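Enquirer: This is a predicted model, with the sequence first.
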Amino acid sequence: MADPADSEDISCCDHLINSDISGDEGESTAEMSLKGRHPLPATVTTIPPRLRYADTLHLAQQLGLQETVSSPTRLQAFADAICAIVATIMILPVTNLEIQGNENLYDSFPDLIPKILLYVMCFLTIVQVWSNMARLFLIVEMADDLLVLLNLAQIMAITFLPYSFTILAEYTMDIFAVILYALLFATVGMLQIIFIWHCFRMKLILKIEIRDHPFKDNIKRMLYWNTGTQLLLCLLAIFIAIVSPSVAFVLLVLVAFSPFVRWCTKKLQKALQRCRSDIEVTDFVPSEFLTDHFQAKSRLENFSDGVFSIVATLVILEITEKNIPDEAAVEKAGGLLQALVEYSAVFLAYGATFITVAMMWFIHHTLLNFIRKISYSMLVFNMLALCSIGILPLGFKLASEFGVGYRKHDPNPQDIKVINEMISIQINCACIFMGAFFMTCMWIVGLYNPQELLYPEISYNGRSHGNLSAKLALYPIITLLVFFISTFKKEVFSAVIFYVMQVLGVPIIFLLMKLVTMFIEYKLPPVENEVFTDSERIASGEL
């Protein structure tokens, strides 16, 4: 027998859903459709989580499945962690460069640049797979055993991607390398199609806002279309690779950018419809399921945190593998401490890289605290920023190998060692600059539409804008300055100066910026409506 409290919660849920779908009082769903509007489902904040869970649990009890369903929260976190790890560790094959001390780094660029571009393509493709997984869980209220197994099967295929990427990086135009890479993504796409089919087949799994939604079929078709596009491209690449691996490789590149193509197609279709008629174009799909919206902000934060943490971990792994002296070196140096001093440049490079990753995470954390809703443009810029930061282990390896330890007091700018040192610094600067630049692009997108994308206390006054804008502009300015100095003034610059700037210079500047901000806030009068209470946010629909 069901608990009376649960029954009361369920009836309250039904009242909330019915009142939300019917729209204004006395206005039916058909009348709303005739007016060019469509009823949106109740949001997560409209229906309290306890009521949502009570409704689903009651249905599971009726079907006798209460022991086979569970919350999908841990499953989502597990998938986010795996995707972040796989997307980041694919930089390892790129870092496996064997460069001699007397070899110019420029000579290795013909082999290095294609691998970096391939890494970017694979990173973005995995991001699209993860984005589809996150979007699919927007319709899931509870996860049954089959749903868990389907998700685990996707994760298994994803975890094999680093090996496939390594083969593709070494044999880019080989038939088997292209087919293996495309087959893995096709497998993930097929499993996601089954995932969607199972969710809409089992009423228990769907969120209560979707179960009886008048446009549930539209949502299902849209999800099939998003996943099916990538699946179709991968299947075409598999068959075309037998005849032309290069054409198949182009199709795999399109997979990485397929959401952008769909987004442009949708915008063009809307523009053409507006030109051909005066009828307002209406989407009969809730906004959280559209390709130009990504409202799973918490999952975006989890994925981003995973990438930052893995980058920091990969840096320390590079030290662990190669910078441990053997017994002969310890005996020759006269002790372990004296032997470790020989690796001081590597430890300095590690500290500089870790602090840079940590400060970039701090900027990213501050930025997302200002953002209320993630648009598609923000999602793209965020992933490009993460991709740029993911290349930092390569910059660290080059900087640790060619950084310091051989510089003379008056070096020759034409010395091959000096040139390699400057190139390693420039690669680090390029990664940091691109990461900070794309974060700045996210902020610009938010400022372009602050009422929709930013929190009210950020949207309606500009005091916080200057503080965050200064943080975002700091790294691009410093890296550009260092890049040009290392290009035109090789004799007055070195990796040691660059490392000290990363370890001490940037954190001190951040501290000074914070002190100046606190002083300004203390001196200036409070801005009207600067702080919004939780009750005001709830009244405005923010919480």
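Expert: Sure thing, it's come through.
Enquirer: Give me the average confidence score over the helix or strand where residue 132 lies.
Expert: Secondary structure from DSSP states H and E places residue 132 in helix 109-136. In this model, helix 109-136 carries a mean pLDDT of 87.
Enquirer: can you check stretch 82-99 too?
Expert: 85.
Enquirer: Please pull up the helix or strand immediately following the helix holding residue 132.
Expert: Later in the chain than helix 109-136, the nearest helix or strand by DSSP H and E is strand 143-144.
Enquirer: packing partners for that next one?
Expert: Strand 143-144 sits against strand 69-70, with contacts defined as 3 or more CB pairs under 8 Å, 6 or more residues apart in numbering; DSSP states H and E. C-betas here are computed from N, CA, C, even on glycine.
Enquirer: Residue 431 belongs to a strand?
Expert: No - the assignment for residue 431 by DSSP: H, G, I helix; E, B strand; the rest coil gives helix, which leaves it out of any strand.
Enquirer: wait, isn't it in contact with residue 387?
Expert: No - Residue 431 is beyond contact range of residue 387, at 9.7 Å (criterion: CB atoms under 8 Å).
Enquirer: Mutual contacts of these two, please.
Expert: Residues within reach of residue 431 and of residue 387 at once, by CB atoms under 8 Å, 6 or more residues apart in numbering: there are none.
Enquirer: Tell me which stretches of the stretch 401-543 of the chain form helices.
Expert: Secondary structure of the stretch 401-543 of the chain, counting by DSSP state H, counting those that start in this stretch: helices at 416-448, 450-453, 456-459, 463-488, 495-500, 506-523, 534-539.
Enquirer: Quick check, pLDDT for the residue lying closest to residue 123 once chain neighbours are set aside.
Expert: When the adjacent residues along the chain are set aside, residue 123 lies closest to residue 387, with 4.7 Å between them (CB to CB, 6 or more residues apart in numbering). What the model reports for residue 387 is a pLDDT of 93.
Enquirer: and if you look at residue 471?
Expert: In the prediction, the pLDDT value recorded for residue 471 is 86.
Enquirer: Pull up the gap between residue 252 and residue 391, please.
Expert: Noted for residue 252: a distance of 20 Å to residue 391, by CB to CB, to the nearest Å.
Enquirer: make that residue 144, sorry
Expert: Counting by CB to CB, the gap between residue 144 and residue 391 amounts to 40 Å.
Enquirer: Would you map the helices across the stretch 201-350 of the chain?
Expert: With DSSP H, counting those that start in this stretch applied, the stretch 201-350 of the chain shows helices at 208-211, 216-241, 245-256, 258-276, 297-322, 327-333, 336-341, 344-370, listed in chain order.
Enquirer: Check which element follows the last one along the chain.
Expert: Translated: helix 344-370. Reading on from helix 344-370 to the C-terminus, the next helix or strand found by DSSP H and E is strand 374-375.
Enquirer: quick check, distance from the helix or strand just after that next one to the centre of its chain.
Expert: Using DSSP H and E, the helix or strand that follows strand 374-375 towards the C-terminus is helix 376-389. The chain centroid and the centroid of helix 376-389 are separated by 6 Å, computed with CA atoms, centre = their mean, to the nearest Å.
Enquirer: Residues contacting helix 376-389, please?
Expert: The list of residues contacting helix 376-389 from outside it, by CB under 8 Å, 6+ apart, reads 87, 119-120, 123-124, 127, 131, 259-260, 263, 291-294, 300, 304, 307-308, 311, 357, 360, 364, 371, 374, 431-432, 434-439, 441-442, 445-446, 453.
Enquirer: All the helices of the stretch 51-200 of the chain, residue numbers only.
Expert: Listed in chain order, the helices of the stretch 51-200 of the chain (DSSP H, counting those that start in this stretch) span residues 73-89, 92-95, 109-136, 145-159, 161-170, 175-201.
Enquirer: CSV for these, including mean neighbour count and distance to residue 485?
Expert: Conversion of the helices of the stretch 51-200 of the chain to CSV gives the following (neighbours: other CB atoms under 10 Å; distance: least, CB to CB, whole Å):
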stretch, mean neighbour count, distance to residue 485
helix 73-89, 20, 30
helix 92-95, 19, 26
helix 109-136, 20, 21
helix 145-159, 18, 42
helix 161-170, 19, 33
helix 175-201, 20, 40
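Enquirer: can you tell me which residues contact residue 80?
Expert: Contacts of residue 80 were listed using CB under 8 Å, 6+ apart, and they are 130, 134, 299, 302-303, 306.
Enquirer: Just flag the most distant two among those.
Expert: 134 and 306 (12.9 Å; CB to CB).
Enquirer: my guess is residue 161 meets residue 126, correct?
Expert: Yes - taking CB under 8 Å as the definition, residue 161 is a contact partner of residue 126 at 6.7 Å.
Enquirer: who touches both of these two?
Expert: With the criterion set as CB under 8 Å, 6+ apart, the overlap between the contacts of residue 161 and residue 126 is 86, 90.
Enquirer: re the thing from before, of the contacts of helix 376-389, buried ones?
Expert: Buried subset of those (neighbour count, 16 or more other CB atoms under 10 Å): 87, 119-120, 123-124, 127, 131, 259-260, 263, 291, 293-294, 300, 304, 307-308, 311, 357, 360, 364, 371, 374, 431-432, 434-439, 441-442, 445-446, 453.
Enquirer: any idea how far the residue nearest the centre of the chain lies from residue 128?
Expert: Taking CA atoms, centre = their mean, the centroid of the chain lies closest to residue 383, which sits 4.3 Å from it. Distance, residue 383 to residue 128, using CB to CB: 9 Å.
Enquirer: What of residue 206?
Expert: Distance of residue 206 to residue 128, computed by CB to CB: 24 Å.
Enquirer: Pass me the low-pLDDT residue ranges in the chain, would you?
Expert: 1-69, 99-102, 261-263, 265-267, 269-295, 320-321, 403-414, 457-464, 521-543 (pLDDT under 70).
Enquirer: could you dump the helices of the stretch 401-543 of the chain to CSV with distance to residue 176?
Expert: Converted to CSV, the helices of the stretch 401-543 of the chain look like this (distance: least, CB to CB, whole Å):
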stretch, distance to residue 176
helix 416-448, 32
helix 450-453, 45
helix 456-459, 52
helix 463-488, 40
helix 495-500, 41
helix 506-523, 46
helix 534-539, 55
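Enquirer: Specify the stretch among those that is closest to residue 170.
Expert: The closest of the helices of the stretch 401-543 of the chain to residue 170 is helix 416-448. By CB to CB, the value is 21.4 Å.
Enquirer: now the angle from that closest one to helix 344-370?
Expert: Between the axes of helix 416-448 and helix 344-370, defined by axes from the mean of the first three to the mean of the last three CA atoms, to 10 degrees, the angle is 10 degrees.
Enquirer: Give me the packing partners of helix 416-448, helices and strands only.
Expert: helix 344-370, helix 376-389, helix 392-402, helix 463-488, helix 495-500.
Enquirer: Return the set of buried residues in the longest one.
Expert: If you call a residue buried by 16+ other CB under 10 Å, then helix 344-370 has these buried ones: 345-346, 348-350, 352-357, 359-361, 363-364, 367-368, 370.
Enquirer: The shortest one now?
Expert: Of the residues in helix 495-500, those buried under the neighbour-count criterion (16+ other CB under 10 Å) are 495-499.
Enquirer: try the fourth one
Expert: Of the residues in helix 463-488, those scored as buried under the neighbour-count criterion (16+ other CB under 10 Å) are 464-465, 467-468, 471-472, 474-476, 478-479, 482-483, 485-486.
Enquirer: got a list of what residue 223 touches?
Expert: With contacts defined as CB under 8 Å, 6+ apart, residue 223 is in contact with 135-136, 139, 196, 289.
Enquirer: ditto for residue 309
Expert: Contacts for residue 309 (CB under 8 Å, 6+ apart) come out as residue 84.
Enquirer: Ok, residue 187 next?
Expert: Residue 187 sits next to residue 157 when contact means CB under 8 Å, 6+ apart.
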